[in-house]
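Q: got a sequence here, can you model it:
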Amino acid sequence: MAKLNLAAGLAALFLLGACTTATPYQAAMDTDRGYSEQQIESNRFQVQFAGNSLTDRKTVETYMLYRAAELTKENGFDNFRVVQRTTDSKSRAIPVGSGYSPFYDHFALDYRYFGPRAGYFYDPYRRWAYPRSFYASRFGYYDPFWDGPQEYREVTSYVASAEIVMSKGEKPDDPAYFDADQVIFNLGTQIQRPES
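A: A predicted model of the protein is given here:
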């Protein structure tokens, strides 16, 4: 039993540590953060890199382009053309000075209220709205919902995606084409891989 508790504690510590750094260059297997691709045709792929709120836009776009070059070489091609490219952002407000982790993307308020510092508290378990005085008499005067942080800050995470078409031979003289070997060589020093 002690071994199970130790393993669970180490897993929780690992997850907490993983959330406090920018998303490294890795496949998005167990999480929605990292690179992923989908084959459309034999030489056409959709490539994507999703970062957390500590991964800036430039890094996300660099990792996506690097993955496109790697994928091109893995499939036996020499260069690729970017047909379509987008970078989406997702912003949210997080409370300042609370125990809430800004790296957890699935934060949602699970209580209801009627106006700021309202006179009613909604109990999500009983599905009743109680007067604030009733709530205070049962649970004390500290209200964890309305007496919480008054300041918020905005955090943003980015997802870069591109549709690429791969080809063999010399790269055409067109800015939409990228030489896979040169991309890997030039961007390789900017790639931060996960610590083992």
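Q: excluding chain neighbours, what is closest to residue 183?
A: In space, not counting the residues next to it along the chain, residue 183 is nearest to residue 69; the distance is 3.7 Å by CB to CB, 6 or more residues apart in numbering. No exception for glycine: its C-beta is placed from N, CA and C like everyone else's.
Q: quick one: neighbours of the one you found, just the number.
A: If you count neighbours by other CB atoms under 10 Å, residue 69 ends up with 24.
Q: contacting residues around it?
A: 80, 178, 180-181, 183-184, 187 (CB atoms under 8 Å, 6 or more residues apart in numbering).
Q: that one: what secondary structure?
A: Here residue 69 is helix, with the state taken from DSSP: H, G, I helix; E, B strand; the rest coil.
Q: cool, and residue 161?
A: With three-state DSSP as the basis, residue 161 sits in strand.
Q: so it touches residue 82, yeah?
A: No - Residue 161 is beyond contact range of residue 82, at 10.6 Å (criterion: CB atoms under 8 Å).
Q: tell me which stretches of this protein form helices.
A: Ranges of helices in the chain, per DSSP state H, are 2-18, 57-74, 132-139, 180-187.
Q: show me where pLDDT drops low in the chain?
A: Within the chain, the stretches with pLDDT under 70 are 1-19, 97-150, 196.
Q: break it into its domains for me.
A: Structural domains annotated on the chain: 21-93+155-196, 99-148, as defined by automatic domain parsing.
Q: still on that earlier bit, got the contacts of residue 69 as TSV, with neighbour count and distance to residue 94 columns?
A: TSV is the format used below for these (neighbours: other CB atoms under 10 Å; distance: CB to CB, whole Å):
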residue	neighbour count	distance to residue 94
80	29	38
178	19	37
180	22	39
181	14	42
183	21	35
184	16	36
187	14	31
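Q: nearest to residue 31, of those residues?
A: residue 187 (22.7 Å; CB to CB).
Q: ok, the closest one to residue 62 distance?
A: Per CB to CB, to the nearest Å, residue 187 is found 6 Å from residue 62.
Q: what about residue 162, how many neighbours?
A: Per other CB under 10 Å, the neighbour tally for residue 162 reads 22.
Q: and it, what does it touch?
A: Listed by CB under 8 Å, 6+ apart, the contact partners of residue 162 are 46-48, 64-65, 68, 82-86.
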